[in-house]
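>>> for reference, the sequence and a predicted model appear below.
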Amino acid sequence: MKEKVQILNHAEIAQKTKRIAFQIYENNINEKEIVLAGIARKGFKLAKRIQAELEKISPLQIILCEVKVDKQHPLNTITTSIPPEKYSDKSIVLVDDVLNSGTTLIYGVRHFLDVPLRQFKTAVLVDRNHKKYPVKADFKGISLSTSLNEMVKITFEEGNDRAELV
């Protein structure tokens, strides 16, 4: 069994999340409201944490949206927890925990392009630099060059968040 190597601890994840929130605010300084669209499960948890930080530092109204993507079959229907008219003509930040090949992020981006948007950005906690698609993280906690057979696992646990290389 391979040994887990911790790459981010709880405090570091909190610090990276806060920095991402500041970057998002700076990028949306002239907006009244933005949509944080988190990829289901871990991306959505990260989006909620970014929302909490944004609420501390900015007057932005934040609309939280959960995006469900079938990661094994990304061409399947993608659903969002809010209807398109709620994010139409808004600034959107698509959030995921780890950017691996870019598949999930690019199909998530594609879903939102069916309506007019003011601006579209992406945010991830860990960017692994193994992209198959021309998608990038506009806001990222860390960039990590790993081998293809390594995996980054993010755990969001109250008081014990961590990112590990397994």
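Alright, I've got the coordinates.
>>> any idea how far residue 8 is from the residue lying closest to residue 129 once chain neighbours are set aside?
In this structure, residue 129 finds its nearest non-sequential neighbour in residue 145, 5.3 Å apart by Cβ to Cβ, 6 or more residues apart in numbering. Using the backbone N, CA and C atoms, a C-beta is placed for each residue, glycine as well. If you measure residue 145 against residue 8 using Cβ to Cβ, to the nearest Å, the figure is 15 Å.
>>> the two: which is more packed in?
For the pair residue 145 and residue 8, the greater number of neighbours falls to residue 8 (21 against 9), based on other Cβ atoms under 10 Å.
>>> I am assuming the more buried one contacts residue 16, so please confirm or correct that.
Yes: taking contacts as Cβ atoms under 8 Å, residue 8 lies within contact range of residue 16: 6.9 Å.
>>> tell me the residues that contact both of the two, please.
Overlap between the neighbourhoods of residue 8 and residue 16 consists of 125, 141, 142, taking contacts as Cβ atoms under 8 Å, 6 or more residues apart in numbering.
>>> quick check: pLDDT value at residue 14.
With respect to pLDDT, residue 14 scores 97.
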